[in-house]
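Novice: Got a predicted structure here, sequence first:
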Amino acid sequence: MQPTPNLDVNQLSLHKHSADKKNNHQKNSISNINSIEGTDSDQVFASSLTALELDLVNAIDRNQFELYYQPKVDAKKNLIIGAEALIRWNHPELGLILPNDFIPLAEKIGFINNIGKWVKKTACSQNKTWQEANLPAIPVSINLSASRFMEKDLVSSIQETLEETQLEAQYLEIEITETSILKNEEIVFSLLDELKNLGIKIALDDFGTGYSSLSHLHHFNGKIDILKIDRTFIQDLSIAKQEDANFIVHMIIQLSNQLKMDVIAEGVETMEQLEVLQNYNCNTVQGYLFSKPMPAYQFAELLKKQRIDPIR
């Protein structure tokens, strides 16, 4: 997952990031969406939101969110062994909006946890549907924001979702960032223990971009099952030049293996990057070299084959 940029709703034109420029409405930038100003202290919450923010608050009820799935691939066998669920917003006027463009907005207006709950339930339901269709059973991972991870009802909410969807806990993985862990280590580690007791695996996302270093890796021993190496390190991997990126990635993989953690390299886009990772005994890769994120029905077709070859 890419680092989330700050979003200024008065400057950023969402339509230029949209994957589907449907109509002329997308020529309008967010700067053309004016704030709805309230008149007194008793105004409803909605009256203080911009038009786009109000659209976001109503997106769940209007069925505008959709999950896309990107395969996680065995680095040596080219088999799909998992997937990451990634949210998209199908805005009726702006088209397909990527999470980097609306997640900061959701955090700003306090709507991020509602979105997180929707993602969790939708991903679990979809995975159970695939299993009932006799497709290969794989874990699907979801991303938890720092605020959602610290909510008191997190564990009970996950338990309820697994019971409601009848999905076994081993088929749900949770991805959190380093900043989520380091904010309140004692409470976080207790939460991690509770989740692991349910049978859920935990992945540390964007490793290397937060406050942690390789020397801190042992603190996660027994708490974290998977490390995801950030794409900023992967993009500079080279066979010809053994640069800093190679050294860092190699060290992360070696230490992770020693601590019995699996490793996922995200953002893999070239055969050269894949070859370097294979030489370093990286478990799993994820990236455009194999597949972009895709809607559930397309991913189901991919999962039927189970094997996926690099796109050359």
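Specialist: Now that the structure is in, tell me what you want to look at. Residues are numbered from 1 along each chain as shown.
Novice: Going by C-alpha atoms from here, please, whenever you check contacts or count neighbours.
Specialist: OK.
Novice: Show me what the lengthiest strand in the chain is packed up against.
Specialist: Using DSSP state E, we find that the single longest strand of the chain is strand 80-91. In terms of contact count using 3 or more Cα pairs under 8 Å, 6 or more residues apart in numbering; DSSP states H and E, strand 80-91 is assigned the packing partners strand 65-74, strand 95-97, helix 99-108, helix 112-132, strand 140-143.
Novice: And those: which comes nearest Leu167?
Specialist: helix 112-132 (5.7 Å; Cα to Cα).
Novice: Now that closest one: average pLDDT?
Specialist: Taken as a whole, helix 112-132 has a mean pLDDT of 96.
Novice: picking up where we left off before, could you export the helices and strands packed on strand 80-91 as a markdown table, including mean neighbour count and distance to Asp205?
Specialist: Converted to a markdown table, the helices and strands packed on strand 80-91 look like this (neighbours: other Cα atoms under 10 Å; distance: least, Cα to Cα, whole Å):
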| stretch | mean neighbour count | distance to Asp205 |
| --- | --- | --- |
| strand 65-74 | 23 | 14 |
| strand 95-97 | 21 | 22 |
| helix 99-108 | 18 | 15 |
| helix 112-132 | 18 | 16 |
| strand 140-143 | 24 | 9 |
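Novice: Now tabulate these in TSV and tack on distance to Phe299.
Specialist: Output for those, formatted as TSV (distance: least, Cα to Cα, whole Å):
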stretch	distance to Phe299
strand 65-74	7
strand 95-97	18
helix 99-108	19
helix 112-132	10
strand 140-143	12
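Novice: Looking at those, which is nearest to Leu172?
Specialist: By Cα to Cα (comparing all of these), the closest turns out to be strand 140-143, at 5.3 Å.
Novice: Give the other helices and strands that the helix or strand just after the closest one contacts.
Specialist: Along the chain past strand 140-143, the next helix or strand (assigned with DSSP states H and E) turns out to be helix 146-149. With contacts defined as 3+ Cα pairs under 8 Å, 6+ apart, the secondary structure elements packing on helix 146-149 are helix 112-132, strand 172-177, helix 178-183.
Novice: Now tabulate those in CSV and tack on distance to Leu144.
Specialist: Putting the helices and strands packed on helix 146-149 into CSV (distance: least, Cα to Cα, whole Å) gives the following:
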stretch, distance to Leu144
helix 112-132, 7
strand 172-177, 6
helix 178-183, 9
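Novice: Which one of those lies nearest to Glu163?
Specialist: The minimum distance between Glu163 and these falls on helix 112-132, with 10.1 Å, by Cα to Cα.
Novice: What are the contacting residues of that closest one?
Specialist: Contacting residues not belonging to helix 112-132 are listed as 60, 67, 85, 87, 103, 106, 136-140, 142-145, 147-148, 158, 161-162, 165-167, 171-172, 296, 300 [Cα atoms under 8 Å, 6 or more residues apart in numbering].
Novice: CA-only coordinates of it in PDB, if you can.
Specialist: In PDB, the C-alpha atoms belonging to helix 112-132 read as follows (Å, rounded to 0.1, in the frame of the first residue of the first chain):
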ATOM      1  CA  ILE A 112     -12.900   6.000   8.700                       C
ATOM      2  CA  ASN A 113     -14.100   3.400  11.200                       C
ATOM      3  CA  ASN A 114     -17.500   3.100   9.500                       C
ATOM      4  CA  ILE A 115     -15.600   2.300   6.300                       C
ATOM      5  CA  GLY A 116     -13.300  -0.100   8.100                       C
ATOM      6  CA  LYS A 117     -16.300  -2.100   9.400                       C
ATOM      7  CA  TRP A 118     -17.800  -2.200   5.900                       C
ATOM      8  CA  VAL A 119     -14.500  -3.500   4.400                       C
ATOM      9  CA  LYS A 120     -14.200  -6.200   7.100                       C
ATOM     10  CA  LYS A 121     -17.700  -7.500   6.600                       C
ATOM     11  CA  THR A 122     -17.600  -7.300   2.800                       C
ATOM     12  CA  ALA A 123     -14.200  -9.000   2.500                       C
ATOM     13  CA  CYS A 124     -15.200 -11.900   4.800                       C
ATOM     14  CA  SER A 125     -18.500 -12.400   3.000                       C
ATOM     15  CA  GLN A 126     -16.800 -12.400  -0.400                       C
ATOM     16  CA  ASN A 127     -14.100 -14.900   0.800                       C
ATOM     17  CA  LYS A 128     -16.800 -17.200   2.100                       C
ATOM     18  CA  THR A 129     -18.700 -17.000  -1.100                       C
ATOM     19  CA  TRP A 130     -15.600 -18.000  -3.100                       C
ATOM     20  CA  GLN A 131     -15.100 -21.000  -0.800                       C
ATOM     21  CA  GLU A 132     -18.700 -22.100  -1.200                       C
END
